[in-house]
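Trainee: this one's structure only:
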């Protein structure tokens, strides 16, 4: 298995782990209404942060040429209220639910970040935790 495939597999394992944690604690995780409100960061008054392994995973699955700059406060992958990269979405998107328990979400986020840091260490990637617009604009060369 190539180094890139190994990295992608490790990220997929973190996402699978998150899915299990959320499913096992559904009463704390809340549920997504699929309204797209949280994808409008300015209006919702929050920021989404991502790590290098997550960006690599997204780019590998949708194609680097399909990475979109994010000059405004709304996620460009939300089309007509639906996530167009749902299967490859970031950990923060998987964890956050406006109806979820903030403490549960925080603990789950910290655990996920530990896993992403370990992936960076293993693959000798520089670790960063960057807000999505900055990360996408930098990664996509915008």
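Mentor: Nice, thanks for sending it over. Since the model is a prediction, treat every value here as computed from it, not as a measurement.
Trainee: what's stretch 24-37 in contact with?
Mentor: 21-23, 43-44, 78, 81-83, 95, 97-101, 104-105 (CB atoms under 8 Å, 6 or more residues apart in numbering). Backbone N, C-alpha and C define where each C-beta goes, glycine included.
Trainee: Please pick the buried ones from these.
Mentor: 21, 22, 44, 78, 83, 95, 97, 100, 104, 105 (16 or more other CB atoms under 10 Å).
Trainee: Among those residues, which lie within helices?
Mentor: Among the buried ones among the contacts of stretch 24-37, the residues falling in helices (DSSP state H) are 21, 22, 44, 95, 104, 105.
Trainee: how close does the first one get to residue 107?
Mentor: Counting by CB to CB, to the nearest Å, the gap between residue 21 and residue 107 amounts to 9 Å.
Trainee: With residue 50 instead?
Mentor: Distance from residue 50 to residue 107, by CB to CB: 19 Å.
Trainee: quick one on the thing from earlier: may I see the buried ones among the contacts of stretch 24-37 arranged in CSV, with distance to residue 54 as well?
Mentor: Converted to CSV, the buried ones among the contacts of stretch 24-37 look like this (distance: CB to CB, whole Å):
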residue, distance to residue 54
21, 17
22, 17
44, 20
78, 17
83, 14
95, 12
97, 18
100, 20
104, 20
105, 17
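Trainee: And for residue 135, the neighbour number?
Mentor: 23 (other CB atoms under 10 Å).
Trainee: So it sits against residue 55, correct?
Mentor: Yes. Contact criterion CB atoms under 8 Å: residue 135 and residue 55 qualify, at 5.9 Å.
Trainee: So which residues make contact with the stretch of helix or strand residue 54 belongs to?
Mentor: Assigned by DSSP states H and E, residue 54 belongs to helix 52-62. With CB under 8 Å, 6+ apart as the test, helix 52-62 has contacts from 4, 7-8, 10-12, 14, 67, 85, 87-88, 90-91, 116, 119-120, 123, 125-128, 135-136, 139.
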